[in-house]
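Novice: Sequence and computational prediction follow.
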Amino acid sequence: MDNFNIVGKRVKRVDGLSKVTGAAEYTDDITLPEMLHGRILRSPYPHARICNIDTSKAKRLPGVKAVMSALDILSITRTLDRYDGYGVKTPDKPRILAEDKVRFVGEEVAAVAAIDEDVAEEALHLIRVEYEELPSVFSPEEALMPGAPLIHDGVEKNIAQQFQFSRGDINRGFSDAKVIVEDRYATQNAHQCYMEPLGCICEFDINGKLTVWCGTMFPSGIRQSLSRVFNISESKIRVLQMEVGGAFGGKIQTRQIFPICALLAKETGRPVKIVYTREEEFSAGRPRESAVIYMKIGARDDGIITAREAKLIYESGAYSFIAPRMQRITSVRSDALYRYTNLKTEGILVYTNKAPVGAYRGYGNPEMTFAVETLLDVLAEKLGIDPMEIRLKNATQTGDTTVHGWNINSCGLSECIKKTAEAVSWKEKRSRKKAATGIGMACMIHIVNPQVPGFTGSTAYAKILEDGKIQVITGEAEYGQGTNTSYCMIAAEEFGIPYEDVEVSRVDTDITPYSLGPFGTRVMMVGGNAVRLAVADAKRQLLELASNELEANIADLEIMNRQVTVKGSPDRAISISDVAKLKILRDGRPITGTGAQEDHLYCMYSQERFDPIGNVASAYYFDALVAEVEVDIRTGKVKVLEIVDAVDCGRVINPIGLEGQVDGGVIQGLGYTLMENLHRGGKHRVLNSGFLDYKVPTALDAPRIRSIFVESVEPSGPFGAKGGGESAGAVSTSAAIANAIYDAVGVRIRELPITAEKVFSELNNNKVKTKMK
Amino acid sequence: MEKKQIRLTVNGEIHECTVESRKTLLDLLREDLKLTGTKKGCDGGECGSCTVLLNKRPVNACLLLAVGVDGQEIFTIEGLGKNGLHPIQKAFIEYGAVQCGFCTPGMILSAKALLDENASPSEMEVREAIAGNLCRCTGYEKIISAILSVSREKG
């Protein structure tokens, strides 16, 4: 067991003070001189041709400084780039403002900048748009039917992508099986529901340089996208990161708000602020994809899986953005959970006249894991094997190369399963039945730093300041999940100074290095490695300087109590700050370490023909989660009593932080499983575009949550860490709860959310007896 | 639109403002008084991010008109911790009850209102007191622990 000074200790967050006092600044908290307010006009129809847009009346309203539609922005690059598709090509071309057609209720049609929000709102009502409604489709089944209206010209059957691949011999695999089970699973659109609506402020200065103030996950990406839109070089764009009020994937894309805001700023010559309303977020945001998954698993009578076949029918909404890549990743990711040999997977992504889907914690994993882990329980029951045992029998192990060629260098899955089972007294609870109460288990695997074309590493700098403190400069934007705190801990541990002596500077693309940001659970491992390398480099430089001053060999020096001392001669010492000052005042520059984690692993996801073989990520992490539920048989309402989640995160850097991530993941998973859904009606507009009717868990819904950390020590992670905050607790919740409901009342729901109505209906239709003691 | 003169006490300080009748207390605090610690999460009384104390009771500032609180006492997050952090603020930091921080000001004030009235609430009472403050990051677990720890300290 390693002995760390800071890593693994319970510390206070570096940004805690500013947040508990209300001092922390989010985008909407700042106001600039002469600032205007922008609002966006959105399509009321799911599918319509735009015949005419008349902005003249709106332009004449006093206080309005700019009104624009697609016709006013013909000279720029009007297509929102697919940069966030990370190289996967699809036939649609999303616009900044709709041109010939609108393809979903809520699509951006025009925008206004005015002296205040009320005038801007009024101006929207004065914009006259003539639409010619077109027939529309709202499900993959409808969209795929012959004769269905085409959402994108020339795109047959509304198919955005289609793929199929196999591993081993699927027919042989099924014929070797003693038991085969199959089912259909369906999941819904769910919104990220970050508490802070997305917003940004844009301003062009007199020299044509654009500054963007925003709270996002991908400042470098915003910069690149806007550079393309305006056809100006990236160096003329500066993105300043504000505090972010949650994101969970929803703030990683360059959504229309950014180019629209920048265009209004350019047109008016004044700073413009646009903040989405909560209604806009729900009705025109980019929610988690809805999916239908057909799955079939076969196993021998000892429980070893021999074959698995899956068909993934996903809806991308009107434009595809991240959906193609997400579906590709999803189609292979869960295959690393067990030692599969024979597989066949088909995927189809279909356009429908709904809001385009976006990235949301887990990125396809939740629905796929729901399907796999529920069906595995069905299989276990048919075989008469305990669900925990069947998982242990098939679990991936450290050192495995999985069926798709992934190198699993660290895997604590089996230990997670055993630990979580022990923590809930699994065998005891499963055999001793309490009326209408049950427990269920599910596991998951997630990827750390899934590859994209090109660079997927991270760069950091570490500067030693006059007072001996370290300033870490990284472009990996934190959005509340605790990255900066972890970086301070990693830096402190590496350097040998107190945690309080490190700070992480704000992300400012003029200064901080290019970075991909927190997606695919990458910032702990990849960003953390870069920080560690940068600090190690700074330390080396410091010790070199110190060795001259102390006239000692570098090998004889150590850092202790904010000093560099000669081992064994404590009186021969020099403070870190003195060495730092020496460099600054004598040589004119601070000691600056550079840390470059340069990953360029194989990227399968953007291949023309999707052929998933080869290691695709820096590492893989796992969890095993048990849910205990109580079902009210009179109403069907499910109450989650407790969740226990054992997470293999490699090494825990920041335990309070990781516990907090698991807590939050569990609640989001719980919401997704039991209550969240975007309901549509009328002309397929979202009906529940507010928190009153879009149910998210409150403090009254939160179960007891216990997390257990398994440290499999990832060899290439900083101090063995690989991360875990994204999916731990968030992905395996659905199947665990569904399995627990089955254990409690013998009812199996295969469609999310598992509402009381669904459970009640099953209980009464089947007249299933509640399991008694 | 007609403007009215109002006078309210915010964090112990008297403010005289001239506002349109339709202006919400939330917008008055954030725009006119530059007290941006109170957040706008939904502007419809559904998320609790704009929770402030009105005559010591927790309210959604987005659901009140500024003219409607003329002469009243408002307490916002900025009023807390001026002379050293309040025990609730310390506990939130200590227990890791803060992640993105957006719900935090409202959450702390709801907790303060509870503890000022009931110094040793049960866990259920804590959950009920913050049921109107939505949090998407923390799963409420550490927030509840933090609030309970303060109540234990107070006796």
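Specialist: The structure has been received and is ready for your questions.
Novice: When you work out contacts or count neighbours from here on, use the C-alpha atoms and nothing else.
Specialist: Will do.
Novice: Is A:Glu503 within a helix or a strand, and which one?
Specialist: Taking DSSP states H and E as the definition, A:Glu503 sits inside strand A:502-504.
Novice: which residues are in contact with that strand?
Specialist: A:14, A:469-474, A:484, A:487-488, A:491-492 (Cα atoms under 8 Å, 6 or more residues apart in numbering or on different chains).
Novice: Please, where are all the strands along the stretch 451-600 of chain A?
Specialist: All strands of the stretch 451-600 of chain A, identified by DSSP state E, counting those that start in this stretch, fall at A:458-464, A:470-474, A:502-504, A:557-560, A:563-566, A:569-575, A:592-597.
Novice: Same check on the stretch 601-750 of chain A?
Specialist: So, for the stretch 601-750 of chain A - with DSSP E, counting those that start in this stretch - the strands run A:617-631, A:638-648, A:680-681, A:685-686, A:704-710.
Novice: go on, the stretch 101-250 of chain A?
Specialist: For the stretch 101-250 of chain A, the strands defined by DSSP E, counting those that start in this stretch occupy A:101-102, A:108-114, A:128-133, A:159-167, A:179-187, A:199-204, A:210-214, A:237-241.
Novice: Pick out the residue in the stretch 551-700 of chain A sitting closest to chain B.
Specialist: Nearest residue of the stretch 551-700 of chain A to chain B, counting by Cα to the nearest Cα: A:Gly664, 4.3 Å away.
Novice: quick revisit: the strand holding A:Glu503: partners in the sheet, and parallel or antiparallel?
Specialist: Each strand that strand A:502-504 pairs with, and the sense of that pairing, follows from DSSP bridges: strand A:470-474 (parallel).
Novice: Of all the strands of the stretch 101-250 of chain A, which one is nearest chain B?
Specialist: Shortest distance between chain B and the strands of the stretch 101-250 of chain A, using Cα to the nearest Cα, is found for strand A:199-204: 11.7 Å.
Novice: mind checking how far the residue lying closest to A:Tyr487 once chain neighbours are set aside is from chain B?
Specialist: Nearest in space to A:Tyr487, with sequence neighbours left out and distances taken as Cα to Cα, 6 or more residues apart in numbering or on different chains, is A:Gly528 at 6.2 Å. The gap separating A:Gly528 from chain B is 19 Å, by Cα to the nearest Cα, to the nearest Å.
Novice: need the contact list for A:Gly528.
Specialist: A:486-487, A:490, A:717-718.
Novice: again, only this time at 7 Å
Specialist: Neighbouring residues of A:Gly528 by Cα atoms under 7 Å, 6 or more residues apart in numbering or on different chains: A:487, A:490, A:718.
Novice: How about residues contacting the helix or strand hosting A:Ile445?
Specialist: When secondary structure is defined by DSSP H and E, A:Ile445 falls within strand A:437-450. Residues outside strand A:437-450 that contact it (Cα under 7 Å, 6+ apart): A:333-334, A:336-337, A:369, A:373, A:430, A:520-522, A:616-631, A:722, A:727, A:731-732, A:735-737, A:739-741, A:743-744.
Novice: thought A:Lys311 was touching A:Ala291?
Specialist: No. With contact taken as Cα atoms under 7 Å, A:Lys311 and A:Ala291 are classed as non-touching, separated by 10.3 Å.
Novice: the more surrounded of those two?
Specialist: For A:Lys311 and A:Ala291, the more surrounded residue by other Cα atoms under 10 Å in any protein chain shown is A:Ala291, and the numbers stand at 24 against 18.
Novice: hang on, the earlier thing: pick the most buried one from the strands of the stretch 101-250 of chain A.
Specialist: Most buried of the strands of the stretch 101-250 of chain A, by mean neighbour count (mean count of other Cα atoms under 10 Å in any protein chain shown): strand A:108-114, with a mean of 27.
Novice: Phi, psi for residue 104 please.
Specialist: No chain in the question, so chain A it is. Recorded main-chain torsions at A:Phe104 are phi -160, psi 150, according to degrees, to the nearest 10.
Novice: All the strands of chain B, residue numbers only.
Specialist: B:3-10, B:13-20, B:51-54, B:57-60, B:73-75 (DSSP state E).
Novice: can you tell if the third one touches chain A?
Specialist: It refers to strand B:51-54. No. Strand B:51-54 is not in contact with chain A by Cα under 7 Å from any Cα of the partner chain; minimum separation 12.1 Å.
Novice: Point out the residues in the stretch 551-700 of chain A that sit beside chain B.
Specialist: Residues of the stretch 551-700 of chain A lying near chain B by Cα under 7 Å from any Cα: A:656, A:660-661, A:663-664, A:667, A:691-692, A:698-700.
Novice: Pull out the buried positions in the lengthiest helix in chain A.
Specialist: In terms of residue count, the longest helix belonging to chain A (DSSP state H) is helix A:528-550. Residues of helix A:528-550 classed as buried under the neighbour-count rule (16 or more other Cα atoms under 10 Å in any protein chain shown) are A:528-540, A:542-547, A:550.
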